[in-house]
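Chemist: need a 3D model of the following:
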Amino acid sequence: MRKCYRMIMLATLVAAAVMLLPGCRETAKPAAKDTLTIGMELSYPPFEMTDEKGEPKGVSVALAHELGKVLGKKVIIRNTAFDGLIPALKSGKIDLIISSMTITDERRKSVDFSDPYLSTGLCLLVAKNSAVNSVADLDKPGMTVAVKKGTTGHTYATQRIKNAKLLVLDKEAAAVLEVVQGKADAFIYDQMSTYQNWKKNRDTTRALLNPFQVEKWGIALRKGDEQLKGQVNSFLKSFREQGGFERLGDTYLKEQKESFKELKYPFYF
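Modeler: Got it, this is the predicted structure:
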């Protein structure tokens, strides 16, 4: 038994010595990451949504896949609640956020942003027979203003509207319903969504589409990821020059483009 033990020990020592010889040592090399995980909340058509099969679809989804092609990476879309996107990015669960996210100074404290790729603004969805004609009409006792949690509309109302009741909701549809049912005097949201929500509820709402706060959207990245940031900015510049954003507009936003042109509002891209 002892002889067997000594033989085993000797074989082990010889193997270890061989591994230490130049050219014989195995080194663990991390596998190159060939995927790009992108976070977005798939409840914001036509930018972030799902098709009839439940698969991701929309402007942001198409943009994400175009970026993946340029970077040579497979794109994985991770559906995440909007107010959970930045925490997911910071913790490494996702690599980027492409989710109609407005660039703000407050968000810049937590994440970096690409160059802007879209311009929009905050406006109002109000009840059809409401006397409200501007955001200034809302800051009065007795008024109720609906906002979606974590959006710039939420931030604006918190900072600027001091006398009205603020109704903070998790879902866009819930905020729209509050206006439709007359429980809220207005819903503060972006132009595109306000236009669409008005179209769905013409009998009960009005859209005040002239923006009272102009905003720009960007792709969010982890702070310090300068290499990826440079790649993203290069892609956005090239994609725009090659007419990519125009094609996305024609595919997903044709009606809106025509309507905004008639209203003499600048289009987004």
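Chemist: outline the domain layout of this structure.
Modeler: Per automatic domain parsing, the structural domains of the chain span 35-117+218-263, 121-215.
Chemist: would you reformat these as a markdown table and include mean neighbour count, distance to Phe269 and mean pLDDT?
Modeler: C-betas here are computed from N, CA, C, even on glycine. Converted to a markdown table, those look like this (neighbours: other Cβ atoms under 10 Å; distance: least, Cβ to Cβ, whole Å; pLDDT from 0 to 100):
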| stretch | mean neighbour count | distance to Phe269 | mean pLDDT |
| --- | --- | --- | --- |
| domain 35-117+218-263 | 17 | 4 | 95 |
| domain 121-215 | 18 | 11 | 95 |
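Chemist: show me what the longest strand along the chain is packed against.
Modeler: In the chain, assigned by DSSP state E, the strand with the most residues is strand 205-217. Here strand 205-217 touches strand 118-127, helix 152-160, helix 172-180, helix 191-200, going by 3 or more Cβ pairs under 8 Å, 6 or more residues apart in numbering; DSSP states H and E.
Chemist: hmm, Lys148 is touching Leu169, no?
Modeler: Yes. Assessed by Cβ atoms under 8 Å, Lys148 is found in contact with Leu169 at 6.1 Å.
Chemist: any idea how far the nearest residue to Lys183 once chain neighbours are set aside is from Leu248?
Modeler: Distances taken as Cβ to Cβ, 6 or more residues apart in numbering put Thr144 closest to Lys183, at 6.8 Å, once the chain neighbours are dropped. Distance of Thr144 to Leu248, given as Cβ to Cβ, to the nearest Å: 36 Å.
Chemist: where do the strands sit along the chain?
Modeler: Going by DSSP E, the chain shows strands at 35-40, 49-50, 56-57, 74-79, 96-97, 112-113, 118-127, 144-148, 165-169, 186-190, 205-217, 220-221.
Chemist: returning to what we had before: alpha carbons of the longest strand of the chain, as CSV, please.
Modeler: Provided in CSV are the C-alpha atoms of strand 205-217 (Å, rounded to 0.1, in the frame of the first residue of the first chain):
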residue,chain,number,x,y,z
THR,A,205,-58.9,63.5,-24.8
ARG,A,206,-56.9,66.3,-26.5
ALA,A,207,-53.2,66.3,-27.3
LEU,A,208,-51.3,69.5,-26.6
LEU,A,209,-48.3,68.5,-28.7
ASN,A,210,-46.2,71.7,-28.6
PRO,A,211,-43.4,70.7,-26.2
PHE,A,212,-42.8,72.8,-23.1
GLN,A,213,-39.4,71.0,-22.5
VAL,A,214,-37.2,69.8,-25.4
GLU,A,215,-35.3,66.6,-24.8
LYS,A,216,-32.8,64.3,-26.5
TRP,A,217,-32.5,60.6,-26.3
